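>>> Predicted model and sequence follow; I will ask about them next.
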Amino acid sequence: MIRAARVPILHVVTDDSVLSRAEFLPRAREVLEAGGAEVALHLRGPSTEGGRLYQLARALLPDALTAGAWLVVNDRVDVVACVGAHAVQLGQRSLPVEEARRLLGIDPAIGVSVHSADEAVAARGADFLLVGTLFVTPSHPGRTGAGPDLLDQVGAAAPGTPRIGIGGITPERLSLLTEAGAHGFAVLRGVWGERAPAGAVERYLTRWHGTA
């Protein structure tokens, strides 16, 4: 069984735009190699067809296994089951944790995105929680960042469950996450918005270890 202690530190999240890039697969492989066991690559594409997510997951799983990294598919329990990915990431409109576990069995891991202490309580049984939105980010225009205090609130509601901060995470803000007891952090533009995504992964991890 995948234990909470093995949840990677850096969760690199995609969106539909990133997944549609012609160079996505080679760049994703570089990200997996650069982060190794400290990175989880999330295939997240709300408007991307299931068949495409399946193809990408199947193509990247061997690279993730070689690197010791995690491959995560967001929302699509079916794709995770078919490919044998390391984890599924559930949102508030996804299947409940208990139903996903019933379908997937003991492994893979289950992550849930939460925005409040109440949602953390409802996600009982999850192996890890993505907590946000912590800071203002273009991914969620108009949404005010909750700040690192949300990590504390979720930690009190779900003690022992690894918390991954998400939303506007820059290298300069990592110390705020470690002070709030975060297990790790999630990034989209901070990696995919760079010319060399693998280099961004290395910089984030170096900064994280300097604050921990």
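That came in fine, so what should we check first?
>>> my read: A81 touches L103, true?
Yes: counting by Cβ atoms under 8 Å, A81 touches L103, with 6.6 Å between them. The way it works is simple: take the backbone N, C-alpha and C, and place the C-beta from them, glycine included.
>>> Please say which of the two ends up with more neighbours.
Taking neighbours as other Cβ atoms under 10 Å, A81 and L103 compare with A81 leading, 16 against 13.
>>> and S47, how far is that from G160?
35 Å (Cβ to Cβ, to the nearest Å).
>>> quick one: which of those two has more around it?
Neighbour count, other Cβ under 10 Å: between S47 and G160, S47 has more, with 9 against 6.
>>> W208 touches V39, doesn't it?
No: using Cβ under 8 Å, W208 makes no contact with V39, being 11.3 Å away.
>>> Next up, the contacts around the closest residue to G184 other than its chain neighbours.
Spatial nearest neighbour of G184, chain neighbours left out: I9 (3.8 Å); criterion: Cβ to Cβ, 6 or more residues apart in numbering. Listed by Cβ atoms under 8 Å, 6 or more residues apart in numbering, the contact set of I9 reads E38, V39, H183, G184, F185, L205, W208.
>>> tell me what the longest helix along the chain is packed against?
Using DSSP state H, we find that the single longest helix of the chain is helix 50-67. If you count contacts as 3 or more Cβ pairs under 8 Å, 6 or more residues apart in numbering; DSSP states H and E, helix 50-67 packs onto helix 16-19, helix 24-35, strand 39-43, strand 70-74, helix 77-83.
>>> Take the second one, keep the C-alpha atoms, and write them as PDB.
This points to helix 24-35. These are the backbone C-alpha positions of helix 24-35, laid out as PDB (Å, rounded to 0.1, in the frame of the first residue of the first chain):
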ATOM      1  CA  PHE A  24       4.600  18.100 -23.900                       C
ATOM      2  CA  LEU A  25       5.700  14.500 -23.800                       C
ATOM      3  CA  PRO A  26       9.500  15.200 -24.000                       C
ATOM      4  CA  ARG A  27       9.200  18.100 -21.500                       C
ATOM      5  CA  ALA A  28       7.100  15.900 -19.200                       C
ATOM      6  CA  ARG A  29       9.800  13.200 -19.300                       C
ATOM      7  CA  GLU A  30      12.400  15.800 -18.400                       C
ATOM      8  CA  VAL A  31      10.300  17.000 -15.500                       C
ATOM      9  CA  LEU A  32      10.000  13.400 -14.200                       C
ATOM     10  CA  GLU A  33      13.700  12.800 -14.500                       C
ATOM     11  CA  ALA A  34      14.600  16.100 -12.900                       C
ATOM     12  CA  GLY A  35      12.300  15.600  -9.900                       C
END
